[in-house]
Structures are given as structure tokens and as C-alpha cells.
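> fold the following, please.
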Amino acid sequence: TMMEEFLALARHNTQKNLETCGVLAGFLEKGMFSVTTLIIPKQEATSDSCQTVNEEELFEVQDKRNLFQLGWIHTHPTQTCFMSSIDLHTHYSYQVMLQEAIAIVMAPTDEERSFGIFRLSEPGGMEAIQQCDQRGFHPHDEPANGGSIYDHCSHVYMNPSLRFDIVDLR
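Got it, this is the predicted structure:
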């Protein structure tokens, strides 16, 4: 699967306790988005963060292949499977552009949940992050509606037979 391939590409960083991130890209057909391409951009990483660099290369790949940016994937090398405050702010920028955008967290050392597919709750989580101007790791209040700030995705179907491309720009 694409998630297994991503973990294999991230293994070197994971062994050094560094996060790895990638972009999930694809197309819209018959009212459904399909992730067909995993793009690994150049990046700078720590044990609990990952930042893309040279983003123009990433956009060039997407433009040449007529791909939509459908979300992102990243590792938590030693942490559990959850969305950190930095992850929530990162994902906001994806979801504000595309409501269906997803965030996949791969947590190879989490014995209860090795991966999760998440999105910000609407409207609560989106509003909470939009109104938050803090940076770095910080707590978020529950949305005003009392719900959670992010949810597990229920709109994602994993098709193991779907072919996909990997573009590693590192």
C-alpha cells in the first residue's frame, strides 16, 4: 500500500528519530478524489516536526501532472498516533483549500494504532485553528460546539489494487 511504501521511504529518518512528510496528490473523477501520487519533497525534520523546503519543486510536479493536492502524510517516529498542535495548523492550510483533504499519521511504535487518517472537524475544529495565532506546540480549547477539534476520517476508502506513483524529490 502507499502507506507501507511511505514507511519504507521514511525508515532511514525513523531510525534516527526524525519525522518524514509527504504530499498526497491525485485527481477528481466521477465526484471522487483518488490519491494516485505520493510526493516526498525536500524537507527539514526534527523528532516532532517536519517542514518542506523548495516547495516550488513540489508545485512543479503537481502542475506537470495536473494533480490536486489532496492531503499529506507524515511519521511520528516514537510518538503515538494523534494530531499535534503543529499538525493541526499544517492540516488547516490543506483543508481550507480542499474540504476533503486528509492527514495521515504513521506511528510505527504505537502498539494500539499504527496509523490514523484525520481531518479537522467542521465547523468547530476549522474555526478553532483559524482563530488561533499561537505557533509551536500549544494546547487548543475544545470547539465552541463541544465537539472534538479533529476526527478520524470516515470518507476514505483504501483500495489496495489502486496503482500509484512515488516522486521522491529529496
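> could you use CA atoms for every contact and neighbour count after this?
Fine.
> now stretch 58-72: buried residues?
With burial defined by 16 or more other Cα atoms under 10 Å, the residues of stretch 58-72 counted as buried are 58, 62, 67, 68, 69, 70, 71, 72.
> wouldn't the fourth one be in contact with residue 27 here?
The one in question is residue 68. Yes - if you go by Cα atoms under 8 Å, residue 68 and residue 27 touch, sitting 5.7 Å apart.
> distance check, residue 44 against residue 81.
21 Å (Cα to Cα, to the nearest Å).
> how many neighbours does residue 97 have?
For residue 97, the count of nearby residues is 11 (other Cα atoms under 10 Å).
> quickly find the element holding residue 12.
Per DSSP states H and E: residue 12 is located in helix 2-15.
> I'd like the mean pLDDT over that helix, please.
Averaged over helix 2-15, pLDDT sits at 97.
> any idea how far it is from the chain center?
Distance of helix 2-15 from its chain centroid, counting by Cα atoms, centre = their mean, to the nearest Å, is 14 Å.
> which residues are contacting that helix?
By Cα atoms under 8 Å, 6 or more residues apart in numbering, the list of residues contacting helix 2-15 from outside reads 19, 20, 38, 75, 77, 106, 164.
> from those residues, which would you call buried?
For those, buried by 16+ other Cα under 10 Å: 19, 20, 38, 75, 77, 106.
> please enumerate the helices of this protein.
2-15, 55-64, 85-97, 124-130 (DSSP state H).
> which one of those lies nearest to residue 138?
helix 85-97 (6.1 Å; Cα to Cα).
> starting at the chain centroid, how far to that closest one?
Centroid separation for helix 85-97 versus its chain: 9 Å, with Cα atoms, centre = their mean.
> I figured residue 40 hits residue 169, correct?
Yes - using Cα under 8 Å, residue 40 is in contact with residue 169, at 5.8 Å.
> those two: who's more crowded?
Shown here are residue 40 and residue 169; by other Cα under 10 Å, residue 40 has more neighbours (23 against 13).
> and that one, how far from residue 166?
With the distance defined as Cα to Cα, residue 40 ends up 8 Å from residue 166.
> count of neighbours near the nearest residue to residue 52 once chain neighbours are set aside?
Distances taken as Cα to Cα, 6 or more residues apart in numbering place residue 43 nearest to residue 52, at 4.2 Å, with adjacent residues excluded. Residue 43: 17 surrounding residues under other Cα under 10 Å.
> residue 137 now?
Around residue 137 there are 12 residues (other Cα under 10 Å).
> just the pLDDT at it, thanks.
At residue 137, the pLDDT value in this model is 90.
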